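Colleague: Below: sequence and its predicted model.
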Amino acid sequence: MYEFKLPDVGEGIHEAEILAWLVKAGDTVKRDQPILEIQTDKAVVEIPSPVSGMIAEIRAEPGQVATVGQVLVVIETEGATEKPKTTPPAAVSAPAAATTSTGSPQRVLAAPAVRKLALELGIDLTQVAGSGPAGRILPSDVRKAAEQPQTPPPKEVIQSPPPQENGKGSEKAPASATLPATAPVRPQSGEETIEEEALHGLRRRIAERMEQAWQIPHVTTFDEVDVTNLIALRGHLQPEAERRGVRLTYLPFIIKATIQTLKEFPYFNASLDMTHQKILLRRYYHIGVATAVPEGLLVPVIRHADQQNLLQLAGELSRLTEAARQRALSMAELSGSTFTITNFGSFGAQQGTPIINPPEVAILGCGRIEEKPVVREGQIVARTMLPLALSFDHRLIDGAAAGSFLNRLKMLLADPNLLWLELI
């Protein structure tokens, strides 16, 4: 017997949530065959079997949080001595008979986001043909299945029993027997209903991270910047970017301007070690980009963003965003950020209060870009404005430093030609 324990997946992760088992007791598995999905600090990871054999016992249920080194499953390896059958035949043969008569359930390869989408659309994943690698079901497969006309199940017809006869003649069945089984029940006046839902998966991880982040004394400062010239520059570069197959948004420009500002204000790219009473100044720039997914929020990381040009940043953003939506990001792509940018303007919001992503000490929020009337040289003119919100850890950063940081960032965004001094 081989006891398979939760492995150390790296990045200091010491526990993981069991999301789904891809096998069941009695199944035969091959070495390196995926057998379960786990959730580790926002990443969904498929765990392969380290050996070939038969699943003898599953010891961790979906939704359970397991620690590194905990036994998850027992596998009877090939060539192992067969255990004597000491249990009553009924306890062993009943499941086997059920498996023989109904067949083993079809294994569905689909990310949790796809499973949730199928649940929302009422799609049975076992009836969906996957177009991804190894038959994996993609969101597009689920949406395509939802567009197909579905035959509604036949309605159940409940007939009242025929009248019974006795010695004194026929009697009608009681009136209650003729009522439909699905007769609606009107709620009583003042009735209150509470529906409980388990906190699990990505939402549980987000809740834990928010609780951790809220230990940081947050302060947020707000401002806005005239990005009329930035929009013109993007419009000038966009045709060439499209010719190279790259979607050029405003975010690569904001990332470049932010990195240049971080180099001038290094404490915003630092972290605090309160245990050892130290400030850790990071001389590299891994930029986290908050990304909305159906289950919540992920923060994929562009590593060494300062060493990438605008087109490279745009391409990496597209790749990471799509991988986040498919829940296909690796642990390295979800960890190690030194500064985070969140774009709540993509949802139409003008302002927001971004929450710091520990162990970072600051985060930049960008609102909705729109035309506004502003005063220029005594005249009211229409200019395109970008709202900014900078949250910072007041244990390390003071308001004056935050104001200086935003002013420098605004200067670079208002006059993007200054970025050419740093672009590579």
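Modeller: Thanks, I have the structure now. If you're wondering where the values come from, they're calculated on a predicted model, not measured in any experiment.
Colleague: Pull out the buried positions in whichever strand in the chain runs longest.
Modeller: Longest strand in the chain, counting residues (DSSP state E): strand 379-393. By neighbour count on 16 or more other C-beta atoms under 10 Å, the buried set for strand 379-393 is 383, 384, 385, 386, 387, 388, 389, 390, 391, 392, 393. Using the backbone N, CA and C atoms, a C-beta is placed for each residue, glycine as well.
Colleague: who's the fourth one bridged to?
Modeller: Under DSSP bridges, the beta-bridge partners of residue 386 are residue 225.
Colleague: for the nearest residue to residue 342 once chain neighbours are set aside, what are its contacts?
Modeller: In space, residue 342 comes closest to residue 290 once its chain neighbours are excluded; the distance is 3.8 Å by C-beta to C-beta, 6 or more residues apart in numbering. Residue 290 is in contact with 297, 298, 299, 340, 341, 342, 343, 354, counting by C-beta atoms under 8 Å, 6 or more residues apart in numbering.
Colleague: which residues sit against stretch 228-248?
Modeller: With C-beta under 8 Å, 6+ apart, stretch 228-248 has contacts from 250, 253, 310-311, 314-315, 318, 369, 383-384, 413-417.
Colleague: The closest residue to residue 71 other than its chain neighbours: helix or strand, and which one exactly?
Modeller: Spatial nearest neighbour of residue 71, chain neighbours left out: residue 3 (4.7 Å); criterion: C-beta to C-beta, 6+ apart. According to DSSP states H and E, residue 3 maps onto strand 2-5.
Colleague: helices or strands up against that strand?
Modeller: strand 71-77 (3 or more C-beta pairs under 8 Å, 6 or more residues apart in numbering; DSSP states H and E).
Colleague: what sits up against the strand it packs on?
Modeller: By C-beta under 8 Å, 6+ apart, strand 71-77 touches 1-6, 18, 29, 35-36, 49, 51-60, 66.
Colleague: These in helices, which ones?
Modeller: Among the contacts of strand 71-77, none falls in helices (DSSP state H).
Colleague: What subset of those residues is buried?
Modeller: 4, 6, 18, 29, 35-36, 49, 52-56, 58, 60, 66.
Colleague: Name the nearest of the residues you listed relative to residue 263.
Modeller: residue 6 (40.5 Å; C-beta to C-beta).
Colleague: Is residue 367 in contact with residue 352, as I believe?
Modeller: Yes: using C-beta atoms under 8 Å, residue 367 is in contact with residue 352, at 7.0 Å.
Colleague: Overlap in contacts, these two.
Modeller: Common neighbours of residue 367 and residue 352 (C-beta under 8 Å, 6+ apart) are 344, 389.
Colleague: The two: which has the busier surroundings?
Modeller: residue 367 (22 against 19; other C-beta atoms under 10 Å).
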